[in-house]
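just coords:
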């Protein structure tokens, strides 16, 4: 599984994301809006992948869910590209540090909560809730996507930045 996930990540970061970025920049006429679209798309793909992993009852279904999930992992790179294109360059290093701290904090919190949410799902003795941590993650990805849309629209409206 690990080698398949690594292969998908290489494909995603080496080929797909640069292609999406170029196409988005050409289509929307702006690199910032191309990154913005990738952020929204990635949150949707992450959500779908997490749901598929949570629902998987076979190895093949789990593998498909993990591949889809992995394809959504470009959200952090797209976020960094978007932020870099819309903020004053004198603040860029500080903002990137804050993004890194927030991502690290989120991973630390998630790694602590995952076992508890898994235990809750298992304790219900409901077969569909075995994947509860992945359903919670899917909900969080959906919320993140909604936040991306709201922040992006506010940024465009308040700063006059052409996305």
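Thanks, I have the structure now. Just so it is clear, the structure is predicted and the values come from calculations on it, not from any experiment.

so which helix or strand takes in the closest residue in space to residue 134 that isn't next to it in sequence?
Counting by C-beta to C-beta, 6 or more residues apart in numbering, residue 54 is the residue found nearest to residue 134 once chain neighbours are left out, at 3.2 Å. No exception for glycine: its C-beta is placed from N, CA and C like everyone else's. Per DSSP states H and E, residue 54 falls inside helix 31-55.

just give me how far stretch 67-86 sits from the chain centre.
Centre-to-centre, stretch 67-86 and its host chain are 6 Å apart (C-alpha atoms, centre = their mean, to the nearest Å).

can you check stretch 29-46 too?
Relative to the centre of its chain, stretch 29-46 is centred 10 Å away, using C-alpha atoms, centre = their mean.

can you pull the contacts of the residue nearest to residue 134?
Contacts for residue 54 were tallied using C-beta atoms under 8 Å, 6 or more residues apart in numbering; they are 65, 130-135, 138.

emit the ChimeraX select command for whichever of those are buried.
This is how ChimeraX selects the buried members of the contacts of residue 54, with burial counted by 16 or more other C-beta atoms under 10 Å:
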select :65,130,131,132,133,134,135,138
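
where's residue 64 relative to residue 105, distance?
Counting by C-beta to C-beta, to the nearest Å, the gap from residue 64 to residue 105 is 30 Å.

ok, the two, which is more surrounded?
Set side by side, residue 64 and residue 105 show more neighbours around residue 64, with 15 against 10, by other C-beta atoms under 10 Å.

quick check: that one touching residue 52?
Yes - using C-beta atoms under 8 Å as the test, residue 64 is close enough to residue 52 to be in contact (6.3 Å).

related to what we said a few turns ago, how about the helix holding residue 54: buried residues?
31-43, 45-54.

fine, thanks again, bye for now.
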